[in-house]
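Asker: Pasting the sequence and the predicted model now:
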Amino acid sequence: MAKKWKAIAYKSAPERVARVRERAQMAVVILELDELRRRRGLTQTQLAEVIGVTQSALSQIEHSQNLELSTLRKVIESMGGKLKILVEFPDETVALT
């Protein structure tokens, strides 16, 4: 008899579950970074020129599974935005600057 995914997933080691969640969240950031660039009406080539990297390097940044915060900040600021990080606790939300 086949088991349901939930029954298998919750038996995984907590560390593994945390790694999978982290990767999933990073994938969302990567998709959003690409979408942000497109919504700003920029091609990879145009944004790469502003940042001072090649189009190929920008593509690697957009698809990286291990994006550094400083790189993300540089890309966002090059598009005219400002990166803000919020930490949410059950009793408060803190903005990191």
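Answerer: Right, received. Where do you want to start?
Asker: any weak-confidence spans in the protein?
Answerer: 1-12, 17, 20-31, 97 (pLDDT under 70).
Asker: can you give me the strands for it?
Answerer: Taking DSSP state E as the criterion, the chain carries its strands at 85-88, 93-96.
Asker: can you list those strands in JSON lines and add distance to His63 and mean neighbour count?
Answerer: No exception for glycine: its C-beta is placed from N, CA and C like everyone else's. Below are those laid out as JSON lines (distance: least, C-beta to C-beta, whole Å; neighbours: other C-beta atoms under 10 Å):
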{"stretch": "strand 85-88", "distance to His63": "22", "mean neighbour count": "9"}
{"stretch": "strand 93-96", "distance to His63": "25", "mean neighbour count": "9"}
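Asker: Using TSV, lay out those together with distance to Leu33.
Answerer: Converted to TSV, these look like this (distance: least, C-beta to C-beta, whole Å):
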stretch	distance to Leu33
strand 85-88	15
strand 93-96	19
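Asker: Quick check: the gap between Thr95 and Arg16.
Answerer: One thing to correct before we go on: residue 95 is Ala, not Thr. Ala95 sits 31 Å away from Arg16, going by C-beta to C-beta, to the nearest Å.
Asker: can you check Leu69 too?
Answerer: Separation of Leu69 from Arg16 (C-beta to C-beta): 24 Å.
Asker: what does Thr43 give?
Answerer: The value you get for Thr43 to Arg16, if C-beta to C-beta is used, is 38 Å.
Asker: And for Gln46?
Answerer: Distance, Gln46 to Arg16, by C-beta to C-beta: 40 Å.
Asker: More neighbours: which of the two?
Answerer: Neighbour count, other C-beta atoms under 10 Å: between Gln46 and Arg16, Gln46 has more, with 15 against 10.
Asker: quick one, helices of this structure?
Answerer: With DSSP state H as the criterion, the chain has helices at 5-9, 14-39, 44-51, 55-62, 69-78.
Asker: okay, the angle between the last one and helix 55-62?
Answerer: Using axes from the mean of the first three to the mean of the last three C-alpha atoms, to 10 degrees, one finds that helix 69-78 and helix 55-62 are set 110 degrees apart in direction.
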